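Trainee: Pasted the sequence and its predicted model underneath.
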Amino acid sequence: MVVVTSPDQDPLIVLDGRQSEAAAALQRGVCRTLRALGLSVITELPLANGRRADVVGLSPSGSIAIVEIKSCLTDYRTDGKWHEYLDYCDRLYFAVAADFPHEVIPGDAGLILADRYGAELVREPKEERLNAARRKAMMLCFARAAALRLQHHLDPGCGLRS
């Protein structure tokens with residue numbers, strides 16, 4: 001993974017090449033707020049179905065939330081894969097900027113308003129608890145990805161596999 005700062009060298013936004021600067025800003029704010037709420041957070045987590053979740057939060061009780069970041073209305077309208085995240089979390093949220101038209105977000109999904117400094121949970125989603133086997137698989141996926149990323153951070157020459 002190559003990490004670069006944003007084009008205007010804003011030290012608050014880190015781009016890894018997978019998202020736009022606007023999406024990276026939303027992701028940063030969401031992660032800061034989830035951490036403040038006590039969740040452990042990992043970004044760009046590969047799921048067993050081949051999709052990659054923008055943000056995954058793991059609560060101390062083992063509850064799993066996925067946050068789908070939408071940087072603009074076009075991004076939301078052209079990306080219908082969010083349904084494929086439902087089988088991998090207890091709660092699904094959309095994170096958008098304050099000027100995003102909120103009415104297009106499905107009512108069963110949670111709504112988070114975010115910017116690069118933080119986020120506000122506006123609406124809680126419908127909860128659909130994972131079964132025990134899927135929860136275990138997700139927790140192992142989360143833990144393995146976090147451990148591999150930490151090791152890569154501590155020793156970039158050690159190799160990185162997901």
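Mentor: Received, thanks.
Trainee: per-residue confidence for residue 156?
Mentor: Listed pLDDT for residue 156 reads 86.
Trainee: ugh, wrong one, residue 20
Mentor: Listed pLDDT for residue 20 reads 87.
Trainee: now swap in residue 61 and tell me
Mentor: Predicted confidence (pLDDT) for residue 61: 96.
Trainee: Quick one: classify it as helix, strand or coil.
Mentor: Following DSSP: H, G, I helix; E, B strand; the rest coil, we place residue 61 in the coil state.
Trainee: What is the burial count for it?
Mentor: Residue 61 sits with 6 neighbouring residues when counted by other C-beta atoms under 10 Å. (Each C-beta comes from the backbone N, C-alpha and C, glycine too.)
Trainee: part of a helix, is residue 113?
Mentor: No: looking at residue 113 with three-state DSSP, it is strand, so not inside a helix.
Trainee: which residues sit in contact with residue 129?
Mentor: residue 90 (C-beta atoms under 8 Å, 6 or more residues apart in numbering).
Trainee: That one: which element?
Mentor: If you go by DSSP states H and E, residue 129 is not part of any helix or strand.
Trainee: helices and strands around the host helix or strand of residue 41, which ones?
Mentor: For residue 41, the host element (DSSP H and E) is strand 40-46. With contacts defined as 3 or more C-beta pairs under 8 Å, 6 or more residues apart in numbering; DSSP states H and E, the packing partners of strand 40-46 are helix 21-36, strand 52-58, helix 132-154.
Trainee: Ignoring the adjacent residues along the chain, who's closest to the residue nearest the centre of the chain?
Mentor: Nearest to the mean C-alpha position of the chain, by C-alpha atoms, centre = their mean, lies residue 55 at 1.1 Å. Leaving aside its chain neighbours, residue 55 sits nearest to residue 67 (4.0 Å; criterion: C-beta to C-beta, 6 or more residues apart in numbering).
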